[in-house]
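Visitor: what's the 3D shape of this:
(2 chains)
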Amino acid sequence: MTNACSTCKYNTVSDLKKMGEQTTSFDYTIALAGNPNTGKSTVFNTLTGLRQHTGNWPGKTVTTAQGSFSFLDKKFKLVDLPGTYSLLSTSEDEEVARDFILFGKPDVTIVVVDASRLERNLNLALQILEITNKVVLCVNLMDEAKRHNIEIDDRTLARDLGIPVVTTSARSNEGITDLLHAVHDLAIGEIVTKPYHFEDIPRTTNKAIEKLNDELLKLYPQLANSRWIAMRLLEGDESIIKALKEGRLH
Amino acid sequence: MTEDRNELDKLLELAEDLRKDVGDNYHDNLTESFYADASKIVKNSVKSDDQHRTFRVDRAIDNIVTSKIWGFPIMLLLLGVVLWLTIIGANYPSQLLSSLFLETIYPFLKSGAESLSIPAWISGLLIDGVYLSTAWVVAVMLPPMAIFFPLFTLMEDFGYLPRIAFNLDNIFRKAGAHGKQALTMSMGFGCNAAGVVATRIIDSPRERLIAIITNNFSLCNGRWPTQILIATIFIGAVVPTGLSQLVSTGSVIAIAVLGIGFTFLVSWFLSKTMLKGEASFFILELPPYRPPRIWQTIYTSLIDRTLIVLGRAVAFAAPAGAIIWLISNINIQDQSIALWLIEGLSPFGIILGLNGVILLAYILAIPANEIVIPTILMLTTLTFSSMGVGNGAGVLFDGSENEVANILHAGGWTLLTGINLMLFSLLHNPCSTTIYTIYKETRSIKWTAVASLLPLLLGIFVCFMVAQIWRLF
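Guide: Numbers count the residues shown, from 1 in each chain, chains lettered A, B, ... in the order given. I've put the predicted structure just below:
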């Protein structure tokens, strides 16, 4: 006889198998992005069972770390990207993060944000939403936010952003199962996102972006993140121009 | 394909034209837009107390640790406490380990080899060479590392490092360097190779090069134990017993601070000469203080950091031990290769207030700073074996602190030798791992050479000056 709990979708922590550094065969690639100091590496360690050193300062992780785990019979490769505040500048850590999301084409990107600093952290999330629509927002450090009496309405946030939003306290394993389900469902295509695209742009800038975007789409109808590429072209981003010339973007 | 090319070129031209329309503020406008949207979304889904009570605790701590008056004293005090605990705490286990390795296991191995009638040269190479140097590295290195790393990691997890960066930012800017260099410098206090990799957070290539070249002025893992040991033996010994630990701690701090001073000085020099330019601005977020998870931190820093560094030291010490034994026991004409080398280097060493043994040890220890002290001890006993110190060529017998002091004093070491060794340990070429990392990061032989040779030349200069001034009195 099975009881209700053992068949419940949410009692599946035991379905998580931490597979450490083994990254040879897997079904999906998951990127882990986020601002520095949001507990990204803690999420990484919790999922993979690895022990990436976590430090309480920006710039602790400047390279990508890889690990893997399996969940509900699917194998996932998890790539921990350097923590960055944005993807708009040219420092090497930001380029590493951006290039992986852009060229590595991960199946799902988890954006880890600090619940107590949501406003500042969402900036990066919005930029990532311009590049890829397969995003899960992981609002981490909920325990700290609660201590600071900050309440977060994750449903409204999910509706506004058009992507799954999961609240976690990775240090104490809270919400990890929900995160796994969201990642899994998005990866297998059970969830379809309708990502928010930012709109509060000065008119001339917006017109320029739209015009370039239209031309881009005429040339490459398959381009998923044309609007973001248009923004980068307006900025004269050499690495994006090079990637277009080499045909690495479409 | 070619048609695609033309189309793409046209598109890029269009982008060029449009860029003129959107103006210079494009980047800032875009950044602002993202923030404006983020703020709009947050309004709908986040409710927060306006009385951030816990934030005030954060701020209160920050006001003290980053204050103009208290910031620096607190930094030095914390560093002092960590070092003091390391010096006091490492003493006892160090003696225990060396008596175990050198007084119990070593004779056992020796007599075992004899009773099995293993040829003398094999037991010499393996036991007197490989085993002894490995045992030395473990006995000298393990206790200070096992105390220093967890303490340092606890400070790091608590969130103190960004405050150090905040305190130092102003000075770095005045030196024409990037404020984030304070972070990469702190990283270098653990390991210079890691510090060099960490400079990737600096986006201007000019400032990044400055950070890479000056990272070696942060005392690394491999050099802290050297500093602590020499400070205890030479500087702690010249003051009354009650003060010795305090004074030796103070001298190690002085060397670390001197290193920071050289970081500023050389950064300033580079930004005025080879790497001219203005310092760029950046935003440094002071993260919230987080109570470190003490047991987990101790566990991971012991397992990950201490054992990895120790493993690396042992991996380099074992072959180095074999080499030391070989050059000590292979004779050319009437004396060993090692003695030839030491005698050859001696005149230069004496001018620098050092000696031939130290210079040879630094050449042999290029792969890892960790093995400098064991190498020096082995070479010293070898040189003076004829005088009845030590019991055979290239063999060390006893490892207590007093014994080390006896060996070094017998080797003709003075207070000047000790001070200059501490200075030279701070100012010399990076280890081979770091040099290779610098090359990988800069992809430039020129800058790798600058980063490797500049500290060495500085070290030679500083030691020379100190020796000359010392000898005047």
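
Visitor: what's around B:Phe461, how many residues?
Guide: 12 (other Cβ atoms under 10 Å in any protein chain shown). All C-beta atoms are positioned from the backbone trio N, CA, C, and that covers glycine.

Visitor: how many other residues sit next to the residue in the stretch 101-250 of chain B positioned nearest to chain A?
Guide: Using Cβ to the nearest Cβ, the closest approach of the stretch 101-250 of chain B to chain A is made by B:Asp203 at 3.1 Å. By the measure other Cβ under 10 Å, the count of residues near B:Asp203 is 18.

Visitor: tell me the secondary structure for it?
Guide: Three-state assignment for B:Asp203 (DSSP: H, G, I helix; E, B strand; the rest coil): coil.

Visitor: so for the closest residue to it other than its chain neighbours, what's the pLDDT?
Guide: Nearest residue to B:Asp203, sequence neighbours excluded (Cβ to Cβ, 6 or more residues apart in numbering or on different chains): A:Ser91, at 3.1 Å. A:Ser91 carries a pLDDT value of 70.

Visitor: residues contacting residue 39?
Guide: Answering for chain A, as no chain was given. Contacts here follow Cβ atoms under 8 Å, 6 or more residues apart in numbering or on different chains; on that basis A:Gly39 touches A:Thr54, A:Val112, A:Asp114, A:Asn140, A:Leu141, A:Ala170, A:Arg171.

Visitor: other chain: chain B
Guide: A:Glu119 are the contacts of B:Ser39 under Cβ under 8 Å, 6+ apart.

Visitor: ok, it to A:Glu144 distance?
Guide: In this structure, B:Ser39 and A:Glu144 are 21 Å apart, going by Cβ to Cβ, to the nearest Å.

Visitor: dump the contacts of A:Gly39 into CSV; add pLDDT and distance to B:Leu302 as well.
Guide: As requested, those are arranged in CSV below (pLDDT from 0 to 100; distance: Cβ to Cβ, whole Å):
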residue, pLDDT, distance to B:Leu302
A:Thr54, 57, 16
A:Val112, 95, 27
A:Asp114, 91, 29
A:Asn140, 93, 27
A:Leu141, 91, 26
A:Ala170, 88, 23
A:Arg171, 85, 20
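
Visitor: wait, doesn't B:Leu408 sit right on B:Thr381?
Guide: No: the pair B:Leu408 / B:Thr381 is not scored as a contact, 10.2 Å apart, by Cβ atoms under 8 Å.

Visitor: and the residue of the stretch 351-473 of chain B found nearest chain A, what's its pLDDT?
Guide: Per Cβ to the nearest Cβ, B:Glu441 is where the stretch 351-473 of chain B lies closest to chain A, at 9.2 Å. Per-residue confidence (pLDDT) for B:Glu441: 86.

Visitor: count the residues that sit near it.
Guide: Neighbour tally, B:Glu441, other Cβ under 10 Å: 20.

Visitor: the residue in chain A positioned nearest to chain B: what's it in contact with?
Guide: Closest residue of chain A to chain B, Cβ to the nearest Cβ: A:Ser91 (3.1 Å). Counting by Cβ under 8 Å, 6+ apart, A:Ser91 makes contact with B:Arg200, B:Ile201, B:Ile202, B:Asp203.

Visitor: which one in the residues you listed is the model shakiest on?
Guide: Lowest pLDDT of the contacts of A:Ser91: B:Asp203, 73.

Visitor: wait, doesn't that one sit right on A:Glu92?
Guide: Yes: if you go by Cβ under 8 Å, B:Asp203 and A:Glu92 touch, sitting 7.4 Å apart.

Visitor: which stretches of chain B have low pLDDT?
Guide: Chain B contains residues with pLDDT under 70 at B:1-5, B:49-56, B:278-285, B:304-305, B:309, B:382-403.

Visitor: max-length helix in it?
Guide: helix B:241-272 (DSSP state H).

Visitor: would you map the strands across chain A?
Guide: Taking DSSP state E as the criterion, chain A carries its strands at A:17-18, A:28-34, A:65-71, A:74-80, A:108-114, A:135-140, A:150-152, A:165-167.

Visitor: now the ones you listed in TSV, with mean neighbour count?
Guide: As requested, these are exported to TSV (neighbours: other Cβ atoms under 10 Å in any protein chain shown):
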stretch	mean neighbour count
strand A:17-18	13
strand A:28-34	25
strand A:65-71	20
strand A:74-80	22
strand A:108-114	27
strand A:135-140	28
strand A:150-152	17
strand A:165-167	22
